[in-house]
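1. Please work out how this folds:
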Amino acid sequence: DGDGGGGFFGPEQLRHLAREGFVVIRKAVPRRVWEAAAARVIADLAIPGAVVEGGNTMNSGFHRLGKLDGKFGADPVLKKLLVDANSRLGFAVAYIMQARNITEAIGERTACQIAMRFPEPQLT
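-> Model (predicted):
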């Protein structure tokens, strides 16, 4: 799975990312942080018109996909996924970007993009 055990991210995981296009980092974000981010995503899913058609259907097995309209990408609760002091995800991103820390890696960026899988990604 490319996580090196325990969430460490180093040269082998970087090679796996380059070769496979993904890497698994177990327990990458503390539970309290991802639960807050997930609650925000779920709340936005309930807003009429927040889900728009989009996404790449090539490997999905579906003809149409939905995605959130992107209006909440700058929410601080999402940024915490990276910048929380206990986030292994932030460490991995900093490592990939060859930065000393996550703050240096993301700089002044104020928005993010998150990929999530749901059981029913089709629009009806």
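2. how much space between Pro48 and Asp69?
-> With the distance defined as Cβ to Cβ, to the nearest Å, Pro48 ends up 11 Å from Asp69. For glycine as for every other residue, the C-beta is placed from the backbone atoms N, C-alpha and C.
3. out of these two, which sits in the busier spot?
-> Taking neighbours as other Cβ atoms under 10 Å, Pro48 and Asp69 compare with Asp69 leading, 14 against 5.
4. I'd say that one and Leu45 touch.
-> No. Judged on Cβ atoms under 8 Å, Asp69 makes no contact with Leu45 at a distance of 10.8 Å.
5. Show me whatever sits in contact with both of these two.
-> Taking Cβ atoms under 8 Å, 6 or more residues apart in numbering as the criterion, Asp69 and Leu45 both touch Val51.
6. Pick out the least confidently modelled helix or strand of this structure, by mean pLDDT.
-> strand 66-68 (a mean of 74; mean pLDDT, DSSP states H and E).
7. Report the strands that pair with it, each with its relative direction.
-> strand 51-53 (antiparallel) (DSSP bridges).
8. ok now the partner strand, how far from the chain's centre?
-> Centroid separation between strand 51-53 and its chain, computed with Cα atoms, centre = their mean, to the nearest Å, is 19 Å.
9. likewise stretch 92-107?
-> From the chain centre to the centre of stretch 92-107 is a distance of 15 Å (Cα atoms, centre = their mean).
10. in that stretch, what counts as buried?
-> Ala92, Val93, Ala94, Tyr95, Ile102, Ala105, Ile106 (16 or more other Cβ atoms under 10 Å).
11. which one of those is nearest Arg26?
-> In terms of Cβ to Cβ, no member of the buried residues of stretch 92-107 lies closer to Arg26 than Ala92, at 11.4 Å.
12. what's the closest non-adjacent residue to the closest one?
-> Phe9 (4.0 Å; Cβ to Cβ, 6 or more residues apart in numbering).
13. so how far is Val77 from the one you found?
-> Phe9 is 23 Å from Val77, where distance means Cβ to Cβ.
14. what about those two, which has more around it?
-> Counted by other Cβ under 10 Å, Phe9 and Val77 do not tie: Phe9 has more neighbours, with 22 against 16.
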